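A.B. asks: A structural model of the following input is requested.
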Amino acid sequence: MVSAQIVWSKALPVLEAEMTPISYKTWIKDIKPISIEGSTLILMAQSELYLTSLRQFYANTITDCVNRANGSNYSVNFIIKEEAEAVVSVPVSNSTEKGLFFGVQPKYTFDTFVTGESNRFAHAAAVAVADNPASAYNPLYIYGGSGLGKTHLLHAIGNYVHELHPEFNICCVSSEEFTNDVIAAIKYDTREELRKKYRSLDLLLVDDIQFIGGKEATELEFFNTFNALYGANKQIVITSDQSPKDLPSLQERLKSRFVWGITADIKPPEVETRVAILKSKAERDGIDITDDALLYMAEQFNANVRELESCYNRVMLYAEFSKRAMIDKSFVEAILKDYVSSEGKHMVTPELIKRVTADYFEISVEELISTRRDKRIATPRQIAMYLCRTLTNTSYPDIGKAFGGKHYSTVMYSCDQVTGEIAERADIATAVDDITNRLTNDLSPM
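C.D. replies: Below you'll find the predicted structure:
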């Protein structure tokens, strides 16, 4: 019987040809094939919000392309990550055949990570850990500012280890997800299940550990989980925005354990690395772009890789709109003229973005950050979140906090939604441009 992976791999080129590059990248690229049940292809969406959009806007296109590519008559059903894990997970007792593997994003690999002086040591440490888990550098603690590649290395380790050791139980989790698991275990009295989930792992990957600081129950559970895994010679990898000694709200006994192995920092990339990152992306995307255009982008956007990639994506989007075959420096300068920092301009912050966006759509900031879901409020809120992500260095969790305590997955969905709509809806693209112009040209209400 043909596998879901084969069916889906045949459909992907057809879908890519059918859709705009940004829509394909946003909505299709990260879908996972799970299984075939009768004549139904089961696909995994990353979240409930993603699932809703896929069903509403893309289900027919996906079904048609799957059947055209395979000469078949499949129906397509989407499930979310938690349901998929229930379908494909193997009990721990059977892990010698196939281990548990969840939370790791396949798009992050060592092959797509561009190294330079700013990240070379962290990359080398990550590769060493992936080659020999729990043999060297346990725990591995990677730290640095937002958007510099910590999460990329974390998931790359998970993917590499899974490829080498498919029998391993591997879990990648954000500190917020770990906290939510602890809260649920306390609420429903399922602490033993929680401990079994985490302490039976061969590789635990934790992103943004700083966010468990000040949460007593979570810190205690993580402390005990760390001890159990370390004592069993299992690998632990942790990322943070600060070195262990600079984490103010974390207990000393935890901070002391984080330096038992090795700590590796990632600094903002130097211009040569930024050019290499852009060139790598252009080559993967099949884009013809001149070296001086790449250098111009690299020189203007130096805070972090995420900001650099946002700049690149904007140029590619305009190039696609204008059907431009070759992208040169003059084209890039024209597209980015309102985004390039200059002396005397104010700092763009989430608070400023909220005020300017609310003013643009003639609503109040209180409405913007409220829980209301009507389109008049929801669309401006999504645009404001997108701008916070692309124009500032603010993390998803911190953007969520700035918008009334929204969950970080809501912020991620909003950013993905706006990214897709910019390519397909002129009104959204115009709104994003107009608000950005106000932000970058001191036209904002103060």
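A.B. asks: low-scoring stretches of the stretch 251-400 of the chain, by residue?
C.D. replies: Within the stretch 251-400 of the chain, the segments meeting pLDDT under 70 span 302-303, 338-347.
A.B. asks: and if we set it to 50?
C.D. replies: Within the stretch 251-400 of the chain, the ranges that satisfy pLDDT under 50 run 342-346.
A.B. asks: in it, which spans are strands?
C.D. replies: Ranges of strands in the stretch 251-400 of the chain, per DSSP state E, counting those that start in this stretch, are 262-266, 288-289, 326-327.
A.B. asks: for the second one, what is the distance to the chain centroid?
C.D. replies: Distance of strand 288-289 from its chain centroid, counting by C-alpha atoms, centre = their mean, to the nearest Å, is 26 Å.
A.B. asks: just stretch 248-262 next, same as before
C.D. replies: On C-alpha atoms, centre = their mean, the centre of stretch 248-262 falls 26 Å from that of its chain.
A.B. asks: ok, residues contacting that stretch?
C.D. replies: 125, 137-141, 209-210, 212-214, 219, 222-223, 226-227, 230, 236, 238, 244-245, 247 (C-beta atoms under 8 Å, 6 or more residues apart in numbering). Bear in mind the C-beta positions are built from the backbone N, C-alpha and C, glycine included.
A.B. asks: mind listing the helices for the stretch 151-300 of the chain?
C.D. replies: 175-187, 191-199, 216-231, 252-258, 271-285, 291-300 (DSSP state H, counting those that start in this stretch).
A.B. asks: next, format the ones you listed as a markdown table and append mean neighbour count and distance to Glu18.
C.D. replies: Output for these, formatted as a markdown table (neighbours: other C-beta atoms under 10 Å; distance: least, C-beta to C-beta, whole Å):
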| stretch | mean neighbour count | distance to Glu18 |
| --- | --- | --- |
| helix 175-187 | 17 | 34 |
| helix 191-199 | 15 | 39 |
| helix 216-231 | 17 | 45 |
| helix 252-258 | 16 | 47 |
| helix 271-285 | 17 | 17 |
| helix 291-300 | 18 | 29 |
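A.B. asks: can I get these in CSV with distance to Arg306?
C.D. replies: Formatted as CSV, the helices of the stretch 151-300 of the chain follow (distance: least, C-beta to C-beta, whole Å):
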stretch, distance to Arg306
helix 175-187, 19
helix 191-199, 29
helix 216-231, 27
helix 252-258, 25
helix 271-285, 11
helix 291-300, 14
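A.B. asks: can you turn the buried part of the contacts of stretch 248-262 into a ChimeraX selection?
C.D. replies: Buried subset of the contacts of stretch 248-262, written as a ChimeraX selection, criterion 16 or more other C-beta atoms under 10 Å:
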select :125,137,138,139,140,141,209,210,212,213,219,222,226,230,236,238,244,247
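A.B. asks: in strands, which of the contacts of stretch 248-262 appear?
C.D. replies: Leu140, Tyr141, Ile236, Ile238 (DSSP state E).
A.B. asks: the residue lying closest to Ser409 once chain neighbours are set aside: neighbouring residues, count only.
C.D. replies: Nearest-residue entry for Ser409: Ser47, 5.4 Å, with adjacent residues in sequence omitted and distances by C-beta to C-beta, 6 or more residues apart in numbering. Neighbourhood size, Ser47 [other C-beta atoms under 10 Å]: 17.
A.B. asks: again with Leu41
C.D. replies: 25.
A.B. asks: element containing it, please.
C.D. replies: Assigned by DSSP states H and E, Leu41 belongs to strand 40-45.
A.B. asks: I'd like the next helix or strand past that strand.
C.D. replies: Per DSSP H and E, the first helix or strand lying C-terminal to strand 40-45 is helix 48-53.
A.B. asks: pLDDT averaged over the next helix or strand after that following helix - what is it?
C.D. replies: As assigned by DSSP H and E, the chain's next helix or strand after helix 48-53 is helix 59-70. The average pLDDT within helix 59-70 is 89.
A.B. asks: buried residues, helix 59-70. List them.
C.D. replies: Ala59, Thr61, Ile62, Thr63, Cys65, Val66, Asn67, Ala69, Asn70.
A.B. asks: chain neighbours aside, what residue packs nearest to Gly116?
C.D. replies: Thr273 (2.8 Å).
A.B. asks: got it, and Tyr198?
C.D. replies: Thr225 (4.8 Å).
A.B. asks: that neighbour contacts Arg199, doesn't it?
C.D. replies: Yes. Counting by C-beta atoms under 8 Å, Thr225 does reach Arg199; the two are 5.9 Å apart.
A.B. asks: how about residues contacting stretch 365-377?
C.D. replies: Residues contacting stretch 365-377 (C-beta under 8 Å, 6+ apart): 354-355, 357-358, 361, 363, 378, 380-381, 384, 402-404.
A.B. asks: do a quick rundown of the helices in the stretch 1-150 of the chain.
C.D. replies: Counting by DSSP H, counting those that start in this stretch, the stretch 1-150 of the chain has helices at residues 4-18, 21-23, 48-53, 59-70, 81-88, 120-131, 150-164.
A.B. asks: so what's Val305 up against?
C.D. replies: Gly147, Leu148, Gly149, Pro269, Arg274, Ile277.
A.B. asks: would you reformat the residues you listed as CSV and include distance to Thr371?
C.D. replies: What follows is the contacts of Val305, written out as CSV (distance: C-beta to C-beta, whole Å):
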residue, distance to Thr371
Gly147, 28
Leu148, 33
Gly149, 34
Pro269, 38
Arg274, 39
Ile277, 38
